[in-house]
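Participant: What shape does this take:
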Amino acid sequence: MSNDAFRHVLVLTGDHRLPDTTKRENAYHEEDFVTHRAMREALESLPGYSFEFLDDHSLFLDRFRKDPPDFVLNFCDTGYRNVSFLELNIPAYLELLGVPYSGATPQAMVIAYDKALVRSAAQALGIPVPAETYLRPGDPLDLLPEVYPALIKPNHADGSVGITKDAVVHDRKEAEAYIAFLRDTLPDRAALVQEYLPGPEYGMGLIGNPETTLDALPPLEVDFSALPKGLAPILSFESKTEPDSPYWTEIKFRSADVSDTEREAMEGYARTMFARIGLKDYGRFDFRRGADGIIKLMEVNPNPAWANDGKLAFMAGFAGHSYPQMLNLILDAAQARLAATG
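Facilitator: Sure thing, here's the model as predicted:
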């Protein structure tokens, strides 16, 4: 532990009492409670810290105002009251109260949540990205690009919301149908029509901060090999919400099969975007190989999933870190940053 002033930690998470559109049937289920219990047990096993856990969002505004904690481990990746657009309001509120916290700032969340903006920033920095067309809710469909196959997804969303098994389209008719689906289910959100990258999908995780130490975890590869023929190899919404779907049961994670040069390139791109967007303490970066063989940046994830079955935990495992050790790395990174910046 890097700072005795923050020996007591309040852990803030999503509220299981409220609906959550990123979960199946918009509600918490036993698999969610299992990961929460594992997180609590892992944190409570760490020496030198004591923990308080808060998941009732009806209480925490008054709690933080009347009795500010020493330090907040912000694991509320669902947003305030489980509304993804309100995720940035949590660190903003903590900043107003002067309460130190882990993870991304409100500014970083605003940028990272806008996928087209992230792509533009990456492209300006020379980082390979897929070709993309931005469609506002009212834009006519004659603006659809004639490049197929394509991946269509909402510009603003978390947890694969809006990316179903049908999100990979092969012609204009399928593209128009999927745009209609998004406009019906997620009205007022822009859509991205993106070059589909048919190669392997990778994850790169960073823990730390540029002003102290920023460490890269070994990259992860998503293993789609067991998916039945005909299903698009993507991490769709079904992979996170439908236990009976092959997207849930057949997709696995493994250590990435990439060359040293490719690993170093992904790490470099991740470090560049970490600094450019202004992430803090940890982040995850998703890549995929295009038909041209080039690995391209897909998304930047501030405050990525902390669960013991999440991508970050797998990558930490590839580096020889247990799940409690990974959580300890995040805690120590935040406290070292706070100590360095005063």
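
Participant: Now do the same for residue 118: helix, strand or coil?
Facilitator: helix (DSSP: H, G, I helix; E, B strand; the rest coil).

Participant: sorry, that was for residue 286
Facilitator: Secondary structure, three-state DSSP: residue 286 is strand.

Participant: contacting residues around it?
Facilitator: Applying Cβ atoms under 8 Å, 6 or more residues apart in numbering, we find residue 286 in contact with 201, 202, 203, 297, 298, 299, 300, 301. Using the backbone N, CA and C atoms, a C-beta is placed for each residue, glycine as well.

Participant: Kindly indicate which of those lies nearest residue 44.
Facilitator: Using Cβ to Cβ, residue 301 comes nearest to residue 44 of the contacts of residue 286, at 26.0 Å.

Participant: neighbours around the closest residue to that closest one other than its chain neighbours, how many?
Facilitator: Excluding the flanking residues, the one nearest residue 301 by Cβ to Cβ, 6 or more residues apart in numbering is residue 284, at 4.2 Å. Burial measure for residue 284: 23 neighbouring residues, criterion other Cβ atoms under 10 Å.

Participant: my read: residue 284 touches residue 316, true?
Facilitator: No - in this structure residue 284 lies outside contact range of residue 316 using Cβ atoms under 8 Å: 11.2 Å.

Participant: Could you tell me which residues touch both of those two?
Facilitator: residue 205.

Participant: low-scoring pLDDT stretches of the stretch 51-200 of the chain, where are they?
Facilitator: Counting by pLDDT under 70, the stretch 51-200 of the chain contains no low-confidence segment.

Participant: And the helices in it?
Facilitator: Remark: helices assigned in the stretch 51-200 of the chain by DSSP state H, counting those that start in this stretch are 60-66, 89-97, 106-113, 115-124, 172-185.

Participant: before we move on, what SS does residue 11 have?
Facilitator: In terms of secondary structure, residue 11 is strand; the call rests on three-state DSSP.

Participant: which of the helices of the stretch 51-200 of the chain is buried the deepest?
Facilitator: Burial of the helices of the stretch 51-200 of the chain is given as mean neighbour count (mean count of other Cβ atoms under 10 Å); helix 106-113 ranks first at a mean of 19.

Participant: That helix versus helix 89-97: what angle between them?
Facilitator: Using axes from the mean of the first three to the mean of the last three Cα atoms, to 10 degrees, the interaxial angle of helix 106-113 with respect to helix 89-97 works out to 170 degrees.

Participant: if we can go back for a sec, contacting residues for the residue nearest to residue 301?
Facilitator: Remark: with contacts taken as Cβ under 8 Å, 6+ apart, residue 284 is in contact with 203, 204, 205, 206, 300, 301, 304, 311, 312.

Participant: Give me the below-cutoff pLDDT ranges for the stretch 201-342 of the chain.
Facilitator: The stretch 201-342 of the chain contains residues with pLDDT under 70 at 342.

Participant: could you show me where the helices are in it, in order?
Facilitator: If DSSP H, counting those that start in this stretch is used as the criterion, the helices of the stretch 201-342 of the chain fall at 238-241, 246-249, 260-277, 311-318, 323-341.

Participant: Ends of stretch 240-255, what's the gap?
Facilitator: End-to-end distance of stretch 240-255 (Cα to Cα, to the nearest Å): 21 Å.

Participant: ok, which stretches of the stretch 1-150 of the chain are strands?
Facilitator: For the stretch 1-150 of the chain, applying DSSP state E, counting those that start in this stretch gives strands covering 8-12, 50-54, 72-74, 132-135, 150-154.

Participant: before we move on, the earlier item: would a markdown table of the helices of the stretch 201-342 of the chain with distance to residue 220 and mean neighbour count be doable?
Facilitator: What follows is these, written out as a markdown table (distance: least, Cβ to Cβ, whole Å; neighbours: other Cβ atoms under 10 Å):
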| stretch | distance to residue 220 | mean neighbour count |
| --- | --- | --- |
| helix 238-241 | 15 | 20 |
| helix 246-249 | 17 | 17 |
| helix 260-277 | 11 | 18 |
| helix 311-318 | 5 | 22 |
| helix 323-341 | 13 | 20 |
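
Participant: So which of those helices is nearest residue 85?
Facilitator: Nearest to residue 85 among those is helix 260-277; the distance by Cβ to Cβ comes to 17.9 Å.

Participant: Which strands and helices lie in contact with that closest one?
Facilitator: Contacts of helix 260-277 with other secondary structure elements, assessed using 3 or more Cβ pairs under 8 Å, 6 or more residues apart in numbering; DSSP states H and E, are made with helix 106-113, helix 115-124, strand 201-208, strand 214-216, strand 281-289, strand 295-302.

Participant: got the angle between it and helix 115-124?
Facilitator: Computed by the same axes, to 10 degrees, the angle between helix 260-277 and helix 115-124 is 120 degrees.

Participant: Now list the buried members of the contacts of residue 286.
Facilitator: With neighbours counted by 16 or more other Cβ atoms under 10 Å, these contain buried members at 201, 202, 203, 297, 298, 299, 300, 301.

Participant: do you know how far the fifth one is from residue 127?
Facilitator: If I follow you right, that is residue 298. Using Cβ to Cβ, to the nearest Å, residue 298 is found at 11 Å from residue 127.

Participant: what's the answer for the second one, then?
Facilitator: As defined by Cβ to Cβ, residue 202 lies at a distance of 14 Å from residue 127.
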